[in-house]
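>>> make a model of this:
(one chain, ligands or ions: 2)
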Amino acid sequence: MNFSFFVKSNITFGRGAVERLPELIRNYHISHLMVVYDSGVKAAGIADKVLAQVEKSGVTYTVFDKVIPNPTNEVVEEAAALAREVKADGFIAAGGGSSIDLAKAVNVLMTNPGTIDEYGGMNLVKNPCLPLIAIPTTAGTSSEITNVSALIDTEKVIKYVVIDNNIVPSDVIADPDFTRTVPQSVTAATGMDAITHAVESYISNEATPLTEYNSLKGLQILYDNLPKVVADGNDMDAREQMMLGCIITGFGFSNANLGLVHGIAHTLSAHFGLAHGMANATVLPYVMEYNAQSCPEKMVHMAQVIGLEPTGNLEEDKYLLAKELLKLTKSIGIKTLSEQGIREEDFDMLAEDVLHEPVLGFNPRQNITKEDVIAILKKAY
Ligand SMILES: NC(=O)c1ccc[n+]([C@@H]2O[C@H](COP(=O)([O-])OP(=O)(O)OC[C@H]3O[C@@H](n4cnc5c(N)ncnc54)[C@H](O)[C@@H]3O)[C@@H](O)[C@H]2O)c1
Ligand SMILES: [Fe+2]
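Numbers count the residues shown, from 1 in each chain. Ligands and ions are numbered 1, 2, ... in the order given. As a prediction, this is how the structure comes out:
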């Protein structure tokens with residue numbers, strides 16, 4: 001057995017954990033902070049709670065609050081220009097994956113030359129980054145602990161990823177109280193993103209015993225709790241479990257990578273701006289149906305972990321998970337592609353672009369054709 005497994009996170013977990021922020025900031029001897037969030041996080045009252053703690057630290061700060069969902073290179077460059085102007089030497093990102101990914105990308109540009117698109121790919125960030133404290137408010141992307149930043153290149157019309165161990169946030173404050181205000185549809189979509197991470201990393205070509213352990217445990221926790229938080233956003237025990245499940249899963253997919261579901265979702269977001277979690281959730285059941293023949297035993301393991309009972313006939317059992325995921329997505333209000341405004345005449349162009357997604361290299365079923373992708377899109381329509 002030969003493998004490597006990377007973990008580099010300092011996590012402060014728990015309701016009220018944000019009160020530890022002043023102490024964490026002071027540990028880094030930062031002279032000027034940039035605090036990154038978006039308008040939704042501000043409207044939910046979270047930004048003010050975070051800024052109150054920043055003020056207790058006594059460190060001066062500048063706010064960048066123009067994060068957008070599916071952040072683009074342009075927004076990264078705008079935030080980086082401001083960070084350079086104010087001589088920021090540390091960052092706080094409070095928000096979902098969009099805010100944390102943006103802060104990671106800006107952080108790359110503080111200690112490395114050039115523009116952010118030059119870092120698309122794996123292990124291209126040569127110099128270590130500045131301190132970044134991530135405060136996730138969705139559950140979620142796991143971006144708070146991953147080595148990934150996902151960005152849109154509006155010129156090339158692609159969603160690409162910067163993957164590098166140098167960009168992992170230096171500290172995480174995982175305070176489940178901050179997820180209470182996530183709207184129901186965003187709770188469902190972000191929770192399905194997390195379930196997609198667990199499933200895709202478990203069956204990835206790069207999975208190892210350590211990633212599989214994280215992926216399966218994450219899947220179990222997320223599957224048990226997602227329906228609860230969608231039904232009642234104030235169920236704080238379930239919200240807490242979702243945040244925990246995301247962190248556990250994140251260690252898995254940060255090391256094992258993802259697959260075809262993310263390849264399709266990135267293409268849908270790049271062309272049509274679909275929310276990341278919603279795009280994943282829409283195609284997840286059909287991609288798992290498609291993948292089942294390449295990893296039937298793993299499909300059965302996942303089905304068992306979420307409480308399903310196999311019949312003993314592998315030919316049938318390998319589809320149990322896909323069927324259950326379809327039931328789950330329908331029960332929590334995940335939309336079809338047509339309901340998200342996608343037109344059938346775009347399938348050909350979308351499928352062509354999906355085939356160029358590097359993440360397909362980790363998918364258990366290989367030799368994916370354009371016709372295969374179109375068939376999946378039609379089912380999700
Ligand atoms: N870096 C990674 O490892 C990784 C993994 C998966 C996805 N991603 C990326 O993360 C992005 C998606 O992030 P996301 O799904 O967390 O959503 P998001 O950050 O785009 O936020 C979605 C919406 O929810 C609102 N919101 C967030 N937290 C809230 C709260 N507590 N209360 C009220 N509203 C709140 C935001 O204002 C926004 O309008 C995508 O760009 C995706 O590609 C990154
Ligand atoms: Fe994702």
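>>> what about Lys341, distance to Leu268?
Quick fix: residue 341 reads Gly, not Lys. 10 Å (Cβ to Cβ, to the nearest Å). Backbone N, C-alpha and C define where each C-beta goes, glycine included.
>>> with Val168 instead?
Distance from Val168 to Leu268, by Cβ to Cβ: 27 Å.
>>> between these two, who's got more neighbours?
For Val168 versus Leu268, neighbours defined as other Cβ atoms under 10 Å are more numerous around Leu268 (28 against 22).
>>> can you show me the strands along the stretch 1-150 of the chain?
Here the stretch 1-150 of the chain has its strands, by DSSP state E, counting those that start in this stretch, at 11-13, 32-36, 60-64, 90-95, 121-122, 132-136, 148-153.
>>> which helices and strands sit right next to the fifth one?
The reference is to strand 121-122. Other helices and strands packing on strand 121-122, by 3 or more Cβ pairs under 8 Å, 6 or more residues apart in numbering; DSSP states H and E, are strand 158-163.
>>> what pairs with the strand it packs on, parallel or antiparallel?
Partners of strand 158-163 in the sheet, by DSSP bridges, are strand 121-122 (parallel), strand 148-153 (antiparallel).
>>> and Val106, which of the ones you listed is closest to it?
strand 148-153 (9.5 Å; Cβ to Cβ).
>>> report the distance from that closest one to the chain centre.
Distance of strand 148-153 from the chain centroid (Cα atoms, centre = their mean, to the nearest Å) equals 11 Å.
>>> okay, the nearest residue to Asp175 once chain neighbours are set aside and Gly233: tell me how far apart.
Distances taken as Cβ to Cβ, 6 or more residues apart in numbering put Ala17 closest to Asp175, at 4.3 Å, once the chain neighbours are dropped. Using Cβ to Cβ, one gets 19 Å for the distance from Ala17 to Gly233.
>>> following the helix or strand where Val230 lies, which helix or strand comes up?
Here Val230, judged by DSSP states H and E, is contained in helix 209-231. Downstream of helix 209-231, the first helix or strand assigned by DSSP H and E is helix 236-256.
>>> what about stretch 13-30 and ligand 1, touching?
No - against ligand 1, stretch 13-30 shows no contacts by Cβ under 6 Å from any ligand atom, the least distance being 12.2 Å.
>>> can you report how many residues lie near the residue lying closest to Thr62 once chain neighbours are set aside?
Excluding its sequence neighbours, the residue lying closest to Thr62 (Cβ to Cβ, 6+ apart) is Val86, at 4.5 Å. For Val86, the neighbour count with other Cβ under 10 Å is 15.
>>> please name the residues that touch Val86.
His32, Met34, Thr62 (Cβ atoms under 8 Å, 6 or more residues apart in numbering).
>>> closest one to ligand 1 out of these, please.
For those, the closest approach to ligand 1 (Cβ to the nearest ligand atom) belongs to Met34, at 17.3 Å.
>>> any idea how this structure splits into domains?
11-179, 184-380 (automatic domain parsing).
>>> the first one - what's its average pLDDT?
Just to be clear, that refers to domain 11-179. Domain 11-179 shows a mean pLDDT of 97.
>>> same deal with the last one?
Mean pLDDT, domain 184-380: 98.
>>> and that domain, end to end?
22 Å (Cα to Cα, to the nearest Å).
>>> right, quick check: it against ligand 1, any contact?
Yes - interface with ligand 1: domain 184-380 contributes Val186, Thr190, Asp193, His276, Gly277 (Cβ under 6 Å from any ligand atom).
>>> for stretch 36-53, same thing?
Yes - residues of stretch 36-53 contacting ligand 1 under Cβ under 6 Å from any ligand atom: Asp38, Gly40, Val41, Ala44, Ile46.
>>> I'd like these laid out as CSV, including neighbour count and distance to Asn123.
Shown next, in CSV, are these (neighbours: other Cβ atoms under 10 Å; distance: Cβ to Cβ, whole Å):
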residue, neighbour count, distance to Asn123
Asp38, 22, 29
Gly40, 21, 33
Val41, 26, 31
Ala44, 19, 36
Ile46, 23, 33
